[in-house]
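> sequence first, predicted coordinates after that:
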Amino acid sequence: MSIARPLLSLSAFVLSMIMLPAAQASCKRIYNGYNVLDSYSAQIPFGRVNLTSTYLQPVGVPMGSVVVSAGSAPGLTAETVLWECDPADANDLYEVFATNGDDRVGGYWEIGNGKGTTVNDGLPNYYATWFPYVAVKLTHLNSGLPFTRYWQESKISQYDTVGTKIQIKAKHLSLVQADLARVSSLPPTSGAGSNYCGGMAASSGSGTYSYTCTQPNGYIQFRGGGIKSDVVGSDSNTNFIFWGAYNGVGFGMRAAASISYTATCVARNTTPVVTFTPVTASELNQGHTREADFTINLECSDTASSGTATNQTALGIQVAYASYVKAQQLNLLTSGAGVRYLVSNGYGTDPSVATGVGISLRNSSTGTAMNFLGWSATGTGASGGWYPVKAGASIAGSSASGYTNYVQTITAILSTLPGLKATPGKVDATAYVLVKVQ
């Protein structure tokens, strides 16, 4: 019996491999600066921060508020092109932002919310700074999200198109609002990934002590088109690949803030709503005005000095940031960066809001016309919106030994803006009372 053996046939074959080039990034970094590095960060210009007794300034009291743009960083302007992308990337462009989470006083310790301490002050998203008992909260204004140690993202929807390319400029990154508050604790000396600056600024003394720590308080980086960026949700304490790629902009208090411990005053409360009697646009255009008084209740240390010179305490009434931007557009700023008129929320964008009208101020007791404070750190004196805190104030008794209460009465005046005609609509404006050692 014969057994047929299967015929094993081997056919030669050719394995063909085509080596494809690696995928190319469709976005590229254009600006060759180093704005993620410490000394190239955008400064957060709080100016002078003054801590006094916890009686006047209890834990949680606001110590300052400013708005910062990426375009203010060294070497940048609003029009500096940072990244360039293909049009196909338009729906995949993001800002990614977090605190400087690997540093003890840069954004590791959320000290306001009890991290690193046994005391929770109930101030979420306030992180320890190099100033003792002062914490900072950063807010990404385009998204409204507070900075945390964990990377978050916000889509970039504004950019310029030049030829066949998308250009992301410094002006297209979100403004960052920075707010300071008093906290009850100091950050631990260990536990963070870095303690680069070591120690803290002076916690007492008669001098003014500069913020010499160069560590940024937060960063914005770019994600899209192959640019190296950190994973959203990851901890900036251990995730910072953007830094080595110089991808982004840092924001820090370095050299733009100082702290002192001078006797001062505080605003305890103010009239919450100021209401004008109704007036027609026609009446305003004929030169009529409407006036309404409001009061500010102050409490001062008996050793505080009232004035606008160095080490004196001054009062200012600050316009809301959106109103400040509109005032710039309407040429309503003073030579000293103050604001002559407060305009309504939604001015020029909300059709229900009156245009051509604004609010000015006068000290009711002295008759002195007053400017509003703007949002520039350079304003000083009356031109900048600062006035002696006790000027025209009346004494209203005392509630504690060594301290005196005062009442300031200010008149708000509704009128047409210079060179403009009033249009019918509502007026709904916002301002804030600030008391600060100069």
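It's in.
> show me where pLDDT drops low in the stretch 1-150 of the chain?
Applying pLDDT under 70 to the stretch 1-150 of the chain flags the ranges 1-25.
> mind doing that once more with 50?
1-23 (pLDDT under 50).
> now swap in the stretch 201-350 of the chain and tell me
In the stretch 201-350 of the chain, no residues with pLDDT under 50.
> quick one, strands of it?
For the stretch 201-350 of the chain, the strands defined by DSSP state E, counting those that start in this stretch occupy 209-210, 218-223, 249-252, 257-260, 265-270, 290-301, 313-319.
> would JSON lines of those with mean neighbour count and distance to Ala201 be doable?
Using the backbone N, CA and C atoms, a C-beta is placed for each residue, glycine as well. Output for the strands of the stretch 201-350 of the chain, formatted as JSON lines (neighbours: other C-beta atoms under 10 Å; distance: least, C-beta to C-beta, whole Å):
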{"stretch": "strand 209-210", "mean neighbour count": "18", "distance to Ala201": "5"}
{"stretch": "strand 218-223", "mean neighbour count": "27", "distance to Ala201": "19"}
{"stretch": "strand 249-252", "mean neighbour count": "29", "distance to Ala201": "14"}
{"stretch": "strand 257-260", "mean neighbour count": "23", "distance to Ala201": "6"}
{"stretch": "strand 265-270", "mean neighbour count": "18", "distance to Ala201": "22"}
{"stretch": "strand 290-301", "mean neighbour count": "19", "distance to Ala201": "22"}
{"stretch": "strand 313-319", "mean neighbour count": "25", "distance to Ala201": "21"}
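> let me have the ones you listed in CSV, extended by distance to Thr161.
Shown next, in CSV, are the strands of the stretch 201-350 of the chain (distance: least, C-beta to C-beta, whole Å):
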stretch, distance to Thr161
strand 209-210, 43
strand 218-223, 17
strand 249-252, 22
strand 257-260, 38
strand 265-270, 47
strand 290-301, 47
strand 313-319, 34
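> next, the distance between the ends of stretch 199-215.
Chord length of stretch 199-215, first to last residue, is 13 Å (C-alpha to C-alpha, to the nearest Å).
> flag every buried residue along that stretch.
Residues Met200, Ala201, Thr208, Tyr209, Tyr211, Cys213, Thr214, Gln215 are the ones in stretch 199-215 that count as buried (16 or more other C-beta atoms under 10 Å).
> and what of stretch 57-66?
Judged by neighbour count (16+ other C-beta under 10 Å), stretch 57-66 contains these buried residues: Gln57, Val59, Met63, Gly64, Ser65, Val66.
> packing partners of the helix or strand harbouring the third one?
Put plainly, it is Met63. Taking DSSP states H and E as the definition, Met63 sits inside strand 62-68. On a contact count with 3 or more C-beta pairs under 8 Å, 6 or more residues apart in numbering; DSSP states H and E, strand 62-68 meets strand 47-50, strand 176-182.
> please compute how far the last one lies from its chain's middle.
What that stands for is strand 176-182. The chain centroid and the centroid of strand 176-182 are separated by 7 Å, computed with C-alpha atoms, centre = their mean, to the nearest Å.
> report the strands that pair with it, each with its relative direction.
Its sheet considered, strand 176-182 pairs with strand 62-68 (antiparallel), strand 134-140 (antiparallel) by DSSP bridges.
> could I get the CA-only coordinates of the first one as PDB?
The C-alpha trace of strand 62-68 is given here as PDB (Å, rounded to 0.1, in the frame of the first residue of the first chain):
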ATOM      1  CA  PRO A  62      -9.100  90.800  50.500                       C
ATOM      2  CA  MET A  63      -5.600  92.300  50.200                       C
ATOM      3  CA  GLY A  64      -5.500  93.200  46.500                       C
ATOM      4  CA  SER A  65      -6.800  92.300  43.000                       C
ATOM      5  CA  VAL A  66      -5.200  92.800  39.600                       C
ATOM      6  CA  VAL A  67      -5.700  91.600  36.100                       C
ATOM      7  CA  VAL A  68      -2.600  90.500  34.100                       C
END
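> that strand vs strand 313-319, what angle?
With axes from the mean of the first three to the mean of the last three C-alpha atoms, to 10 degrees applied, the angle from strand 62-68 to strand 313-319 works out at 50 degrees.
> off-centre distance for strand 62-68?
Counting by C-alpha atoms, centre = their mean, strand 62-68 comes out at 6 Å from the chain centroid.
> next: stretch 129-149.
Distance, stretch centre to chain centre, for stretch 129-149: 8 Å (C-alpha atoms, centre = their mean).
> again with stretch 243-254
Distance of stretch 243-254 from the chain centroid (C-alpha atoms, centre = their mean) equals 16 Å.
> among the strands of the stretch 201-350 of the chain, which comes closest to Ser401?
Minimum separation from Ser401 across the strands of the stretch 201-350 of the chain (C-beta to C-beta) falls at strand 290-301, 10.9 Å.
> neighbouring strands of that closest one in the sheet, and parallel or not?
Strand 290-301 sits in its sheet next to strand 265-270 (antiparallel), strand 403-416 (antiparallel), going by DSSP bridges.
> pick the most deeply packed of the ones you listed.
Each of the strands paired with strand 290-301 was scored by mean neighbour count; the highest is strand 403-416, a mean of 19, by mean count of other C-beta atoms under 10 Å.
> check the offset of that strand from the chain's centre.
Worked out by C-alpha atoms, centre = their mean, strand 403-416 lies 27 Å from the chain centre.
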